[in-house]
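Visitor: sequence and predicted model, in that order:
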Amino acid sequence: MNSQQRRTFNRALERALKSTVRKKQSKTKHKTLPEPPAQRLAWLRPTWSGGKKLYGAIVGFFALLALTYELWPVVSTEPYLYLDPRTPFSARFNITNESPYSLQNITHQCLLNNIESESHITIEQAEGKDTFSHPVSRIGARQKISVTCAFPIEIGHLTKAEIDFQVFYSLPHFPYWQITKDTCFHGEPDIQKNLQWTYSTCP
């Protein structure tokens, strides 16, 4: 092979190599690249975003319930003193504001139910004569007041009696929103057969 033949052979080989490289580059350009991880997870983003909003709404709802439960006013009523042990309606009752803030416009009402005496006198329902008397303008936080629930009629020694003791009050910044708390008692005979007030379920 002379020099001219070698040159011709080299040029043909060079053209063949260039053609092979161009074909490979063309295949590489048209090849589908794998999808990046961020793009593969893009369809999950709207669902995850909605889930976070729903979770936040649920947490906020229960937080609001807990705050309402913690701040809701708590009022209790209990008998604490009998001026005459033979007469349950001589008892004085404590109304206690167990809330962390003051309450105002406090009044009370006694509904007397199913009263019976030893002489078989029966009264199905009546109101105590102290009903709505002497309203209290304010009870401070963790403080109490003393009230009575006197019966207006003397019918002798009682063998049965029930009270629905209602307390009405309002919150400091909502004076026209009246809240009612019912506490029921029934007379439980002691050793001397005198009735002592104990808690019962309100009807």
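Guide: That came in fine, so what should we check first?
Visitor: so which bits of stretch 160-174 are buried?
Guide: Buried residues in stretch 160-174, counted by 16 or more other C-beta atoms under 10 Å: 161, 162, 163, 164, 165, 166, 167, 168, 169, 170, 171. Every residue, glycine included, has its C-beta placed from N, CA and C.
Visitor: what separation do you get for the last one and residue 72?
Guide: For residue 171, the distance to residue 72 under the criterion C-beta to C-beta, to the nearest Å works out to 10 Å.
Visitor: same question for the second one.
Guide: Counting by C-beta to C-beta, the gap between residue 162 and residue 72 amounts to 27 Å.
Visitor: contact partners for the closest residue to residue 74 other than its chain neighbours?
Guide: Spatial nearest neighbour of residue 74, excluding adjacent residues (C-beta to C-beta, 6 or more residues apart in numbering): residue 98 at 4.1 Å. Contact analysis of residue 98 by C-beta atoms under 8 Å, 6 or more residues apart in numbering lists 74, 75, 76, 142.
Visitor: and those, which are buried?
Guide: Buried by 16+ other C-beta under 10 Å: residue 75, out of the contacts of residue 98.
Visitor: the protein: helices as residue ranges?
Guide: Secondary structure of the chain, counting by DSSP state H: helices at 3-30, 37-40, 44-71.
Visitor: avg pLDDT for the first one?
Guide: The reference is to helix 3-30. For helix 3-30, the mean per-residue pLDDT is 59.
Visitor: same question for the shortest one.
Guide: Confidence over helix 37-40, taken as the mean pLDDT, stands at 55.
Visitor: what stretches of this protein score poorly on pLDDT?
Guide: Flagging of the chain using pLDDT under 70 yields the residue ranges 1-52, 55-57, 59-71, 126-134, 152-153.
Visitor: okay, strands next: where are they in it?
Guide: Secondary structure of the chain (DSSP state E): strands at 75-82, 91-97, 103-117, 122-127, 136-139, 144-148, 158-171, 174-189, 195-200.
Visitor: can I get these in TSV including distance to residue 54?
Guide: Listed next are the strands of the chain as TSV, based on distance: least, C-beta to C-beta, whole Å:
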stretch	distance to residue 54
strand 75-82	37
strand 91-97	39
strand 103-117	38
strand 122-127	51
strand 136-139	42
strand 144-148	45
strand 158-171	33
strand 174-189	32
strand 195-200	43
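Visitor: now for the closest residue to residue 137 other than its chain neighbours: which residues touch it?
Guide: Closest residue to residue 137 apart from its sequence neighbours, by C-beta to C-beta, 6+ apart: residue 104 at 6.0 Å. For residue 104, the contact set (C-beta under 8 Å, 6+ apart) comprises 137, 138, 139, 169, 170, 171, 172, 175.
Visitor: from residue 103, how far off is the closest residue in space to the third one that isn't next to it in sequence?
Guide: This means residue 139. Distances taken as C-beta to C-beta, 6+ apart put residue 97 closest to residue 139, at 4.2 Å, once the chain neighbours are dropped. To residue 103, residue 97 is 5 Å away according to C-beta to C-beta.
Visitor: sounds good, over and out.
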